[in-house]
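Asker: Can you look at this prediction? I've put the sequence above it.
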Amino acid sequence: MTSIDIRSVRARQVLDSRGYPTIKVRLDLDDGRYAVAAAPAGASTGNHEAAELRDRDSHYAGRGVRLAVEAVDSEINDLLAGRTWDSLQDLDDAMRALDGTPQKLRLGANSMVAVSMAAARAFALVDDLSLHSWIRRSLDRADILPVPHFNVLNGGEHARNPLDFQEFMIAPVGAADLPEAIEWGAAVYHSLGGLLRQLGLSTGLGDEGGFAPDISSPEQALDLVVDAIKHAGLEAGPGGVAIALDPAANGFFHDDGYKVAGKYYSSRELIDYYAQLVTDYPIRSLEDPLAEGDFEAWPIITNTLGNAVQIVGDDVFVTDPDRVLKGAREHTANAVLIKPNQIGTVSETFETLRVADSCGFAAMVSHRSGETTDSFVADLAVGCGCGQLKSGAPARGERVAKYNRLLDIAASDPEMPYGPATPRNELK
Ligand SMILES: C=C(OP(=O)(O)O)C(=O)O
Ligand SMILES: [Mg+2]
C-alpha cells in the first residue's frame, strides 16, 4: 500500500442543495497533487448520528459552518500536515482520537467526513487508481454498477405536502445495464410529471428532486408511480421497474402511535398495513418502516416481511458497525443504509460494510437530502459492490452528479456487471 505525504488540509464554506452552508475540504500533497471533498447534510436524521459542528450565530439560521472550517484549518491541519500517512485507517483513527468524543462533537462529523473523503481520494491518486477501484481494493470486493433507486415522489421531512411517507423510489432492476436503468428512471420521472399535470396536481419538487404533489395517501402515491411506470411503456415489477419505499417512520411516530394520512396505527397495525402494500404493489425494499426506538416491532417486520422485501435500517443503524452487529443479532432488519456522514469517517463506513457483509445483510449506499455535486457515494456504491445506490430524482444537478458518475464509470469499463443485491438472510 502506498502512503500519502500531506502538505496541508484547508476548508471553506460552500452552499448545499438546500441553500445552507456546508464544508468543502482541499487536501494538498507534498508532490503538488490535491484532492477535494464536500460534506452532505441530512434533514430526517437518526438520533445517534455523528454530530455536525454548526455555528449558532450566523445568518444561516444557526446552520453556519465557520467553526467546522476553523476545526479543519487549525486542529485537523496541525494533526495531518507535514506527516506521512500509511493508511486511511490510521488517518481516520488519529482524527477520532483528536476529537475524543463518541459522536465527533468537538471537531464535527461534517469536518471529519469531508477530510476523510478527500484523504481517500488522495490515496487513490497516489495509487493511480480511480476512487471506486481504490475502494474495491480496500474492501477486497468486486466492482458492481448499482441499481439506481430514483426518488421520484417526495413527502415527509423532505417536502411541504401532507404525504407522511418520505420517499417513493423506482428501481429499474430489470434493466439490462446501467445506461438502460438511467434511461428508464428518467422516462418514468417524466411520465410521472406528465401524469401529475394531467390530474391538475402540483409538480413542485421536494428536497431530493422528486415531485411533491398535494396528496396524503401512500396508496394514491403508489398508484401514481405504478401508472407512471406503465405510461412510460415499462413493466412495474421485478422484470422491469420495482418500487422501494423509505417511509422514514421517525417522522410520523407520535406518543400514541404512527399517524399516516390522518389515521393512527399501532406498531402491529402498521406492519399489517405494510404487508398489504407489499401484496398490492411491486415493492422490493422498505427502509425505516418503523421508528428507530420501536425495538420490539423491528424483529416482527423482519421476520414476517423480510423474505419478501429488503428491510433497510437507516435512522436505526446510522451506519454504525456496532449498531448493525447488534441489529443482526436481534433481527432488526436485513439490510443497512450506508451514509458516510452519519458515522463521520470513510474507514468506519468501510467497517460497517464489512460487518454488514459478515452478517448476511444487504447494503444500499445513499446520498443525503442536503447535497453538493460531490459524487463520492457513486464510487463507494460501485467499489463496495453492494449493488444499490439511492441518490434522489434523475433531475437536479446535485442528484444527477452521482448518476452521471455511474455512467462515466460504466463507460470506462464495459465489462463491469450491473445488478441488485438482496439480503442473504443467514441469520434466520
Ligand atoms: C436520505 C435520507 O434523508 P436525510 O438525508 O434527510 O436523512 C434518508 O432518510 O434516507
Ligand atoms: Mg432513510
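Answerer: Received it, and whenever you're ready, just let me know what you need. Numbers count the residues shown, from 1 in each chain. Ligands and ions are numbered 1, 2, ... in the order given.
Asker: Look up how far Leu286 lies from the residue of the stretch 201-350 of the chain found nearest ligand 2.
Answerer: In the stretch 201-350 of the chain, the residue that lies nearest ligand 2 is Asp314 (3.5 Å; C-beta to the ion). (C-beta placed from N, C-alpha, C; glycine too.) Distance of Asp314 to Leu286, computed by C-beta to C-beta, to the nearest Å: 11 Å.
Asker: residues from the stretch 251-400 of the chain in reach of ligand 2?
Answerer: Asp288, Asp314 (C-beta under 5 Å from the ion).
Asker: So which residues of the stretch 251-400 of the chain form strands?
Answerer: Remark: strands assigned in the stretch 251-400 of the chain by DSSP state E, counting those that start in this stretch are 253-254, 257-260, 263-265, 283-287, 310-313, 335-338, 362-366, 388-392.
Asker: In its sheet, which strands sit next to the first one, and in what direction?
Answerer: Within its sheet, and counting by DSSP bridges, strand 253-254 is paired with strand 257-260 (antiparallel).
Asker: Could you pull out the buried residues of the partner strand?
Answerer: Tyr258, Val260 (16 or more other C-beta atoms under 10 Å).
Asker: ditto for stretch 323-336
Answerer: Neighbour-count burial for stretch 323-336, with 16+ other C-beta under 10 Å as criterion, is recorded at Arg323, Val324, Leu325, Gly327, Ala328, His331, Thr332, Ala333, Asn334, Ala335, Val336.
Asker: what about Leu222, which helix or strand?
Answerer: Assigned by DSSP states H and E, Leu222 belongs to helix 218-231.
Asker: quick one: contacts of that helix?
Answerer: Contact partners of helix 218-231, identified using C-beta atoms under 8 Å, 6 or more residues apart in numbering, comprise 152-153, 155, 163-165, 168, 170, 188-189, 191-192, 194-196, 213, 215, 235-236, 240-241, 243, 245, 247, 260-261, 277, 280-282.
Asker: Show me how to select, in ChimeraX, the buried members of these.
Answerer: Buried members of the contacts of helix 218-231, defined by 16+ other C-beta under 10 Å, are picked up in ChimeraX with:
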select :152,153,155,163,164,165,168,170,188,189,191,192,195,196,213,215,236,240,241,243,245,247,260,261,277,281,282
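Asker: Inside strands: which ones of the contacts of helix 218-231?
Answerer: Using DSSP state E, Val152, Leu153, Phe168, Ile170, Ile243, Leu245, Val260 are the members of those that sit in strands.
Asker: Would you tell me which one of those comes nearest to ligand 1?
Answerer: Closest to ligand 1 out of those is Leu245 (10.9 Å), distances taken as C-beta to the nearest ligand atom.
Asker: returning to that earlier point: just give me the neighbour total for the residue of the stretch 201-350 of the chain closest to ligand 2.
Answerer: Look at Asp314: counted by other C-beta atoms under 10 Å, it has 27 neighbours.
Asker: Who are the contact partners of it?
Answerer: Residues in contact with Asp314 (C-beta under 8 Å, 6+ apart) are Gly46, Asp246, Ala248, Glu287, Asp288, Leu337, Lys339, Ser366.
Asker: Pro172 too?
Answerer: Residues in contact with Pro172 (C-beta under 8 Å, 6+ apart) are Val147, Pro148, Glu180, Ala181, Trp184, Gly185, Leu234, Gly240, Val241, Ala242.
Asker: if we go to 6 Å?
Answerer: Residues near Pro172 by C-beta atoms under 6 Å, 6 or more residues apart in numbering: Ala181, Trp184, Gly185, Val241.
Asker: What is the nearest of the buried residues of stretch 323-336 to ligand 1?
Answerer: Nearest to ligand 1 among the buried residues of stretch 323-336 is Val336, at 11.7 Å by C-beta to the nearest ligand atom.
Asker: ok, the closest one touching Phe361?
Answerer: Yes - in terms of C-beta atoms under 6 Å, Val336 counts as a neighbour of Phe361; the distance is 5.4 Å.
Asker: Mutual contacts of the two, please.
Answerer: Joint contacts of Val336 and Phe361 (C-beta under 6 Å, 6+ apart) do not exist.
Asker: Quick check: residues of the stretch 251-400 of the chain near ligand 1?
Answerer: Counting by C-beta under 6 Å from any ligand atom, the residues of the stretch 251-400 of the chain lying close to ligand 1 are Asp314, Ser366, Arg368, Ser369.
Asker: What about those, which are in helices?
Answerer: Among these, none falls in helices (DSSP state H).
Asker: how about those residues in CSV, adding pLDDT?
Answerer: CSV is the format used below for those (pLDDT from 0 to 100):
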residue, pLDDT
Asp314, 98
Ser366, 98
Arg368, 98
Ser369, 97
